[in-house]
Structures are given as structure tokens and as C-alpha cells.
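Undergrad: here is the input, now give the coordinates:
(2 chains)
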There are 2 protein chains.
Amino acid sequence: MLEKMFYPESVAVIGASADPRKLGHVVLRNIVEGGFKGKVYPINPKGGEILGLKVYKSVLEVPDEIDLAVIIVPAKLVPDVMEDLGKKGVKNAVIITGGFREAGNEELEEKVVEIARRYGIRIVGPNCQGINNTHHNFCASWPLITMKGKIAIASQSGTVAAALAEWSQRDGIGFSTFVSLGNKADVDEVDVINFFSEDKNTEVIALYIEGVRDGRKFMEAAKKSKKPIVVLKPGVTERGAKAVQSHTKSMAGRNEVFDAACKQSGVIRAENLEELYDFAKAFAYLKPFKGDRILIVTSSGGSGILAVDVLESNGVKVFEADEEIKSRLRDIVPPHGILDNPIDLTGDATAEMYLEVAKATHDLVDAFLLIFGDPIENAAEATAEIVKLGKTVVVAFLGGGEVERKEVEKMHSYGIPVFPTPERAAKVLVALKRWYECMR
Amino acid sequence: MLEKMFYPESVAVIGASADPRKLGHVVLRNIVEGGFKGKVYPINPKGGEILGLKVYKSVLEVPDEIDLAVIIVPAKLVPDVMEDLGKKGVKNAVIITGGFREAGNEELEEKVVEIARRYGIRIVGPNCQGINNTHHNFCASWPLITMKGKIAIASQSGTVAAALAEWSQRDGIGFSTFVSLGNKADVDEVDVINFFSEDKNTEVIALYIEGVRDGRKFMEAAKKSKKPIVVLKPGVTERGAKAVQSHTKSMAGRNEVFDAACKQSGVIRAENLEELYDFAKAFAYLKPFKGDRILIVTSSGGSGILAVDVLESNGVKVFEADEEIKSRLRDIVPPHGILDNPIDLTGDATAEMYLEVAKATHDLVDAFLLIFGDPIENAAEATAEIVKLGKTVVVAFLGGGEVERKEVEKMHSYGIPVFPTPERAAKVLVALKRWYECMR
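TA: The predicted structure is shown next:
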């Protein structure tokens, strides 16, 4: 139902500006420079031309159908704009403009919502950072990011969404769609879960929300979702909940209640911003696994232990290598290495050793945690081979200097997510395992 | 007493090799290319020349005094090398070679230690990654990192040390000295604490240790230390402790006992590798603070809340802005912002606003947490001004794209540490505050 919100064929930018410093210019430019293939109609009562496009004085003057309006006019003008959209038959609006409920202007926001309901217009926002659907080359937001990926990002915080987007770009994995929910006057977490659950370009939904409007609906949508959902929800402390109230007027609700709801409906909860990103990245590319035989293979003994601590203290047992595994690995692990779990290949480790270990043991394990703790050349190629063995493979890479940068880049280009520390990789394994247990 | 270990005037590289793939070559080359100003004597029974340096067949042939020997010969040859060092009067040795206690060869290690004791030779290692004292242009390790900084890194894991070193380089803050402790046959955590406590180039000691040899001595050294100590010690779970035993034959000991010892002796304990780095970076540049009035100033409401949750759930109260603060800030904070703590300047925030907020309130607060959650130009210059007001200033920067990269680089060059998420910055504040409380 939100199809045209996220995949419009034609878009009006209301409040388009010729001034490059203004948001009304930046958004229009990002739509154009992002390579949007649909029709673009800048709207400004001054008329004229911006970026080579004819400017219409009102949507009512536009000769064609408009799927989506992006609104960047002062708050007090928004109701009139909405009336025009209604008359024109536009069914989707992204209201970037702030100055509504978050600024104490509840009435103005209610007026806008009332008009939208009357005409059947869906709203993203107000007070938001827009939409960026990379697979549709449609960036009605900022900054302009075009890297296509699998993670859908929906956030009540523009900064949180921007940070996730930038990290995904830095990692070379990109995202599918970015939507800044702002005040959630209409479109909320339930709508986006329902939409992204069906979106062909999305594999995982990363949510930052400060409150849930309707707990029952949230749980229903989450349970029905065909894609894993990772959520970061602050306000876990009393003081944090109070800050939530000031920020987005959301009710943080009792943390234990939300936690229980997540567990019941298979939503993975992240503890912090980096974890939200890590988990989203993991679920976009890795399959959850059953069983609890995780074999850790490392070139760094210390890193292996850090991973063991995280797994065990999160309730995931690390099995001890039995004679069968030891006998299969005796000729692969260097003599000064460790023939247990973690398998310590020592600083003499080569990419081939990791591959040989995996080939020799994959029928006895449920998942691998590969820790590359040295400049190990061709780690990426070996890991790609290991992935083909069919087990879940989580990778951490650290302490590898230039070689690390090169190998991690390759792995990401192969669709193998890499995490920067053994602990973060271990937390990913915990999340993958928990998700499977919830889904049983 | 370890002065010549870390600041040698002359060094012998025993096992120097002409083969660029061999460690005996890499270490020699790093010493030379790192700009070491003392004398360098490659030692190899084959003689000849390496990297333009005359190779001696034995240390006994070297005509001058030798302060330090770096040993990279096969394990079984090390006792003979030690005998030669003893005869030559060399008092310090870094044994990079592995294949001792960690590989089950306890006897060989004991033999080496016995010879060292007999001649009064101090040993770093064996089974380690060497020493790198950037301030002495002395990199008897790998990779070659020359960026001078304030953090001393001492680690039982080469990978952990390398990761810290690389992160400090990436951040442009560098480190003072890096020492890989390996099997700790002689020099251990107590020795390095005592040494770095007096080292003029070190401001903080970052330790990764898997066990403490002598708890009482550790606590004494820590209490006496003139520099803050941050420690990451794994083996907190039973299974992790078992892995520690396999790795470095250390006794992890009971976690609660170590925790209590840290609290009593003012050692800051990090929960994971990134925290070890964050805390070290913080203590190198920031002063611990007393009092509990932390004012959070942010352009991102959501980020502010994430910080509040971390502070509060770690027992650090976030005060509510009183009328005095509100009245002072009313004309600075944008009308749609939030006049409470966190002060939310919204996406319209400018660097000047942060500075004005700080100037208006610094006499009423003990520390600032500045969160830049947008591409805020000149954030670095404003923060440098805020630092001059004399209060502890912790900075997080995220979601700022290219501007973020530029501003963070500037801040690090000004000696202002920046953390990548609000949560990590908040944990730093918790650590700074706890340290002050321990030290009272």
C-alpha cells in the first residue's frame, strides 16, 4: 500500500529552491543527481527554472499524475499544501519540515493529519530527513548515498539513520531503503515493517524507535514479517524514558514489557547503535543457525578468548574439541598452536589453514567464528570457500593493517560481513542463534 | 631499571636475515627504517651485509657495548644465544621467538630464564611481537608504526596490541610505547606498570593481560602508578578461563577477585577491546572530574537519549536542567529544540551554538558531553574553545559524513579525543568519574 511512497514514478518537490544552501534545493538536487528515472516537478510560487527543470507554482498546475510529494515549506504553510495535494489526488507525502508536535505545535500537526485522512493521503514525517530508496535511484533525503544494499533503515532519529547509512557505505555494503520517521504522524514502525517485509530489495529491517504506538499491532506485524527485524529502542532507564518524552513525545513504555514483546515476536533487540548496525549487517547476509556447536578458528589466542567470554556470558556454550576433531586437525594446526576450541593457528596462520580446518570439521559443527588477527593474505578467498561448505560463517578481522583493509573490502564485496572485534562478532553469533530459537 | 630495554642506545638483532620474507629481516628493517638513532648490529653466523649493515657472526664479535638484543632465532638456539649475551654483558633481551612454554616446552623456557638470572639479563617474551618505542624511533616489532603518542600499550596478545596500535594510528593520535609481553618469562605487568609510571612520554597505560602473576605486587604497583591504568582481562567465564590456561598458561583467577583488586587499586577495567582503546584514549587526553553534573549538548535528540541510558544504567545520574540553566540558554537553543538535559540543539545546530551553551553554563557543570550528530562545520574549533573553559569535555561525532571526517581529524590533532557513538562517549564519562572516585 505504501508502494508509491517508496517507489514513486513521479515526484513533486514542494518548496524547491534555487538557493544551493537551502534544503529545498539539496533534496531536489539529490533526487536529480541520484539518477531518479521518474518525473520530477519542482514546486515554488515564484516559478522559473531550477537545475534545468521547469518550476510549477502549485501542484495543481502540474499536467500529470503525481505519486509522491516531498514537502519542505515552513510548517504553517503545510496545511494549504496538503489541501492542494488532496485536490490533485496525490496519495503520498513526505513532510521534511519541522515545527509540529516536537516543537509544541500539536494542533498544527493534527490539522495536517486531519486533511490527510480526509483525502486518503499517507504521510511520512513531519520533522524528518526523508526517504532514500537506493534500488529505485530515489534519494529524497540527504546526504546523497546511492550504494545499493539489503538493509532497510527506519528511524525516529535522523542522525541514527545517517550513521547507519554512512557505516554501510564505508563498508561497501549499502542499504536498500532509508526512511526517517520523524514525528510518525501517520506512517509508523508497523507500516514500515509491513512494507519492508514484502520489499524485494530488503533482507533485514533495522529500526530505531523511541516508542511503539500500538504494542499489539507491532507484535503482529513483527510475527508476520518475512524479514528479520533488529531494533534499537532507548529509554531503558527512567531518566532516558523522560528524555524520550521530551524528544519525540513518544511513550518509552516499560522496558521489560518491550523486551518481552520482542522475544515473543522474534524481534532482535540491539543494545547500542553499533550493535544495531552489526546485527542488521549480519541478518542481511548470514543465515541463522540451529544447534550450538560453534567452532572458533583464530590466529590470535587472546582474541579467541575474548569471543569465548562473550558467547558464554550470553548463554551460548562453547563446546570443547573432542578426540574426533583433534585427530582431524592434528596435521593442520601448527605444532605450537592449540588443538581445542578456540582452534589457535597462531601468528603463523595462513588462509589455507583456515580453509583446511573448516573442510575437516564442517560436518561436526553448526557455525564457524573465524578470527583473522594478523595480516593474512587471501583470507577473503578462503572464507568464500568456507562459506560454500554451507555452515554459518561469522568473521572478525583485526590487527591486520593494510592487508586487513584489502581483505575486508573483498569479503564485503563477496557478501561476507566482517566485524571489527572478536566480541562484536561473538555478539552477532548470539543474535543469530537467539533469532533461530525465537522462530522455532 | 628497564630504561635500556625501552630506550637502548645500541641494539643487536640476533637472527637477522637477508630474506625480506623472514621476521629476522622485517624487524631489522623496521628498526632501520623507523629512524633509530643508536647503533644497530645484525647478528648471523653467515656474516656478510644486510640493508647496508655489517653482519657479525656473534655478539661476542661486536666491538662496542650492546644495550639490547632482539632475538629471532629458532627456540632451541636461544639458550646458547643467552649465554653469549651474558658473556658480552648485554643486560636486556627481547625474545620474539616462540616455541617455549606456550608450546609445551616449559623446560626450554626455564633454561633460558635460569641463564638470564645468572647473568642479570632482563627478558621481554619469549613468544612475543617485540617493542616499539615511537618517541625513541625504535620499532623492534612489526608493523612499522612511527606516530608518536601518549598511550603505552602492554599486551599478552600480539593481535590485541596491534589492533590498539592501528586504531591509534588511524585516529592520528599514536602511542608512546608498545610492548608485547608474550609468555612473560620475566618482564610482566608489574614491571611495565612500574616503568611506564615514570616514563616521560606516557600518560596512560593500556594493558591486556590474561593472568596476574602476583596479585599483591600488581595492586601495589597500580596504587603507586603516576599514570592511570586501563586493563582488559579476559577469562571472566569459566570456559574463557580454561581457554586462557591453554593460551598463555596463565591462571585467569576468579573474576570477582580481580575486579575487587582493580577497584581497590584504581585500575580501570575495560569490558572489551574497543573499550580498552576508548578508555586509554580518554585518559591520555582528558582529566577525570569530580561532581556529577554532566551536561549533554547534542544536535541529535536520539543520540542524547542513548547517552542518558548508558550513564544512568552505569550509576551516573543525569541531572535535570534547573530554571537557572534554562534561563541562560533560552536565547541560544532554537525554539524547536529542547531546553533540558540533554540540551537538544536540533539539526539546525551550529558550532557556535555549542560554544555559546558551554560559555553560558560551564560554571554550573562538572563535565560536558558534546554530541555532534550532523555535518557541523568548525565543530573542532568550537570544541577547542570549550575545552579552554576548564571542564572535562567528552565528544561523540556521528552521522556527519565528510564534514565529520574533517572535524574529527582536526579535533584529534588538537588533542581532543572523539568517540564514534554516544554510548561509547558516555562509557568514557563513566570511566573518568569512577577513576576519580577510586583515587579519592
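Undergrad: can you list the domains in chain A?
TA: The domain map for chain A lists A:1-129, A:147-285, A:288-439, with the assignment taken from the TED database.
Undergrad: can you put these in JSON lines and add mean neighbour count, mean pLDDT and distance to chain B?
TA: The C-beta positions use only the backbone N, C-alpha and C, and glycine is treated the same way. Converted to JSON lines, the domains of chain A look like this (neighbours: other CB atoms under 10 Å in any protein chain shown; pLDDT from 0 to 100; distance: least, CB to the nearest CB, whole Å):
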{"stretch": "domain A:1-129", "mean neighbour count": "19", "mean pLDDT": "96", "distance to chain B": "4"}
{"stretch": "domain A:147-285", "mean neighbour count": "22", "mean pLDDT": "94", "distance to chain B": "3"}
{"stretch": "domain A:288-439", "mean neighbour count": "21", "mean pLDDT": "95", "distance to chain B": "3"}
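Undergrad: dump the ones you listed into CSV; add distance to residue B:430 as well.
TA: Putting the domains of chain A into CSV (distance: least, CB to CB, whole Å) gives the following:
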stretch, distance to residue B:430
domain A:1-129, 29
domain A:147-285, 13
domain A:288-439, 18
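Undergrad: mind checking which of those domains is nearest residue B:286?
TA: Shortest distance between residue B:286 and these, using CB to CB, is found for domain A:147-285: 21.1 Å.
Undergrad: okay, how far is it across the closest one, tip to tip?
TA: By CA to CA, to the nearest Å, the extent of domain A:147-285 from end to end equals 16 Å.
Undergrad: so how far is it off the chain centroid?
TA: Put simply, domain A:147-285 sits 8 Å off its chain's centre (CA atoms, centre = their mean, to the nearest Å).
Undergrad: that older thread, residue B:140 is nearest to which of the domains of chain A?
TA: domain A:288-439 (16.1 Å).
Undergrad: chain center to that closest one: distance?
TA: That offset, for domain A:288-439, works out to 24 Å (CA atoms, centre = their mean).
Undergrad: and that domain, how far apart are its ends?
TA: 10 Å.
Undergrad: what of stretch A:145-158?
TA: Span of stretch A:145-158 from end to end, CA to CA: 14 Å.
Undergrad: please apply the same query to stretch A:168-175.
TA: Taking CA to CA, the first and last residues of stretch A:168-175 lie 7 Å apart.
Undergrad: name the surrounding residues that touch that stretch.
TA: Identification of contacts with stretch A:168-175 by CB atoms under 8 Å, 6 or more residues apart in numbering or on different chains yields A:134, A:145, A:147-153, A:164-165, A:277, A:281, A:284-285, A:409, A:412-413, A:417-418.
Undergrad: next, the closest residue to residue A:265 other than its chain neighbours: phi, psi?
TA: Closest residue to residue A:265 apart from its sequence neighbours, by CB to CB, 6 or more residues apart in numbering or on different chains: residue A:222 at 3.8 Å. Torsion angles at residue A:222 (phi, psi; degrees, to the nearest 10) stand at phi -60, psi -40.
Undergrad: wait, what's in contact with residue A:222?
TA: A:193, A:229, A:262, A:265, A:266, A:267.
Undergrad: the third one is in contact with residue A:268, isn't it?
TA: Yes - shown here, residue A:262 and residue A:268 form a contact pair, counting by CB atoms under 8 Å, at 7.4 Å.
Undergrad: which neighbours do those two share?
TA: residue A:231.
Undergrad: with just CA atoms, put stretch A:271-278 into PDB.
TA: Coordinates of each C-alpha in stretch A:271-278 appear next as PDB, following Å, rounded to 0.1, in the frame of the first residue of the first chain:
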ATOM      1  CA  GLU A 271      21.900  -2.800  23.000                       C
ATOM      2  CA  ASN A 272      23.500   0.100  21.200                       C
ATOM      3  CA  LEU A 273      24.000   1.800  17.900                       C
ATOM      4  CA  GLU A 274      26.900  -0.300  16.700                       C
ATOM      5  CA  GLU A 275      25.100  -3.400  17.600                       C
ATOM      6  CA  LEU A 276      22.100  -2.300  15.600                       C
ATOM      7  CA  TYR A 277      24.400  -1.900  12.600                       C
ATOM      8  CA  ASP A 278      26.200  -5.200  13.300                       C
END
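Undergrad: residues in contact with that stretch?
TA: Contacts of stretch A:271-278 (CB under 8 Å, 6+ apart): A:160, A:163-164, A:167-168, A:206, A:208, A:230-232, A:270, A:419, A:424, A:427-428, B:306, B:310, B:398, B:420-424.
Undergrad: repeat that for stretch A:186-193.
TA: If you take CB under 8 Å, 6+ apart as the criterion, stretch A:186-193 is touched by A:2, A:5, A:113, A:116, A:122-124, A:152, A:154, A:179, A:181, A:205, A:207, A:209, A:212-214, A:217-218, A:221-222, A:225, A:229.
Undergrad: need the helices for the stretch 51-200 of chain A, in chain order.
TA: A:78-88, A:106-119, A:158-170, A:189-198 (DSSP state H, counting those that start in this stretch).
Undergrad: quick one: which of these is nearest residue A:249?
TA: For these, the distance to residue A:249 is smallest for helix A:106-119, at 8.2 Å, taking CB to CB.
Undergrad: among the helices of the stretch 51-200 of chain A, single out whichever gets nearest to residue A:357.
TA: Residue A:357 lies closest, by CB to CB, to one member of the helices of the stretch 51-200 of chain A: helix A:158-170, at 30.3 Å.
Undergrad: contacting residues for residue A:340?
TA: Neighbour list for residue A:340: A:320, A:321, A:326, B:243, B:246 [criterion: CB under 8 Å, 6+ apart].
Undergrad: over to residue A:367?
TA: Residue A:367 neighbours (CB under 8 Å, 6+ apart): A:289, A:291, A:293, A:294, A:295, A:391, A:392, A:393, A:394, A:429, A:432.
Undergrad: for it, what are phi and psi?
TA: phi -160, psi 150.
Undergrad: also residue A:40?
TA: phi -120, psi 130.
Undergrad: same list, the contacts of residue A:340, but as a markdown table with secondary structure and distance to residue A:109 please.
TA: Putting the contacts of residue A:340 into a markdown table (DSSP: H, G, I helix; E, B strand; the rest coil; distance: CB to CB, whole Å) gives the following:
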| residue | secondary structure | distance to residue A:109 |
| --- | --- | --- |
| A:320 | coil | 59 |
| A:321 | coil | 61 |
| A:326 | helix | 66 |
| B:243 | helix | 56 |
| B:246 | helix | 61 |
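Undergrad: now flag whichever of the residues you listed is closest to residue A:236.
TA: When these are compared against residue A:236 (criterion: CB to CB), the nearest one is residue B:243, at 31.5 Å.
Undergrad: tell me the secondary structure of the residue nearest to that closest one when sequence neighbours are not counted, please.
TA: Computed as CB to CB, 6+ apart, the closest residue to residue B:243 that is not its neighbour in sequence is residue A:305, at 4.5 Å. Following DSSP: H, G, I helix; E, B strand; the rest coil, residue A:305 is assigned to helix.
Undergrad: is residue A:308 within a helix or a strand, and which one?
TA: When elements are assigned from DSSP states H and E, residue A:308 belongs to helix A:301-313.
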